[in-house]
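> 3D, please:
(2 chains)
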Amino acid sequence: SQTIHQWPATLVQPVGSPLSLECTVEGTSNPNLYWYRQAAGRGLQLLFYSVGIGQISSEVPQNLSASRPQDRQFILSSKKLLLSDSGFYLCAWSRPLPPWLDTEAFFGQGTRLTVV
Amino acid sequence: TQLLEQSPQFLSIQEGENLTVYCNSSSVFSSLQWYRQEPGEGPVLLVTVVTGGEVKKLKRLTFQFGDARKDSSLHITAAQPGDTGLYLCAGRREQTSYDKVIFGPGTSLSVIP
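Have a look, this model is predicted:
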């Protein structure tokens, strides 16, 4: 069976400090990977998605970057955190189906980031 | 600007009551998904609807996709405290990459025992 691991679960970081959130998927090959950010009680904003190693698409301009150094590893980073980077960050994966087939997204447990 | 709107934003009801939440857009979607998210957890898929006018039932939950594929509704019969959570609709618009799934802002449901 497939599983997704995301860590850490909670993080408190000072403004200006770096950030590294990691996500790994087990039990599947060549998954599509996503990073979302969610404001409190709100929907999900897609930040980055990747269809393969080294292939990253950015959805919104921001203070964050993403990397996919291995097939099932997705990393969200920042060199200098801003207060506005606070939020709930979710990693997700989906099966690499052809575009005309729909597939669900499987989410990690999330990371609650508070920038102080 | 939200491409997917959800209403109501918040809903608090007594156990046993029925409710309907809505997901609307001015764009046509090739499919819509409904997820439920509990506090501190990631969303979990409930259903995917792909055909205009489609109705799917999952126990006490009934999902409908609008004929024009611009809207969807979720009806819960005899709500239970375990139904409490954030209900998110998500969809992929026609003519776009299948990776770009858009999420609505969600309806926060609280079912009071």
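> and chain B, which residues reach chain A?
Residues of chain B lying close to chain A by CB under 8 Å from any CB of the partner chain are B:2, B:4, B:6, B:30-31, B:33, B:40-45, B:48, B:50, B:86, B:88, B:90, B:92, B:97-106, B:108. Every C-beta, even on glycine, is put in place using the N, C-alpha and C of the backbone.
> Inside strands: which ones of those residues?
B:6, B:30-31, B:33, B:44-45, B:48, B:86, B:88, B:90, B:92, B:102-103, B:108 (DSSP state E).
> Quick one: buried ones out of these?
Neighbour counting by 16 or more other CB atoms under 10 Å in any protein chain shown classes B:6, B:30-31, B:33, B:45, B:48, B:86, B:88, B:90, B:92, B:102-103, B:108 among those as buried.
> quick revisit: which two from the ones in strands among the residues of chain B next to chain A end up farthest apart in space?
Using CB to CB, those span at most 27.1 Å, a distance reached by B:Ser30 and B:Ser108.
> Let's see the pLDDT reported for the closest residue to chain A within chain B.
Of chain B, the residue with the smallest distance to chain A, taken as CB to the nearest CB, is B:Gly42 at 2.8 Å. Looking at B:Gly42, its pLDDT is 90.
> Return the residues in contact with it.
In this structure, B:Gly42 makes contact with A:90, A:92, A:107-110, judged by CB atoms under 8 Å, 6 or more residues apart in numbering or on different chains.
> could the residues you listed be laid out in TSV, adding pLDDT and neighbour count?
Shown next, in TSV, are the contacts of B:Gly42 (pLDDT from 0 to 100; neighbours: other CB atoms under 10 Å in any protein chain shown):
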residue	pLDDT	neighbour count
A:Leu90	95	25
A:Ala92	92	26
A:Phe107	92	22
A:Gly108	93	25
A:Gln109	91	15
A:Gly110	93	22
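> Mind telling me the two of those residues farthest from one another?
So, those by CB to CB: farthest apart are A:Ala92 and A:Gln109, at 11.2 Å.
> tell me the contacts of the closest residue to B:Tyr87 other than its chain neighbours?
Nearest residue to B:Tyr87, sequence neighbours excluded (CB to CB, 6 or more residues apart in numbering or on different chains): B:Thr107, at 4.8 Å. Going by CB under 8 Å, 6+ apart, B:Thr107 touches B:6-11, B:21, B:86-87.
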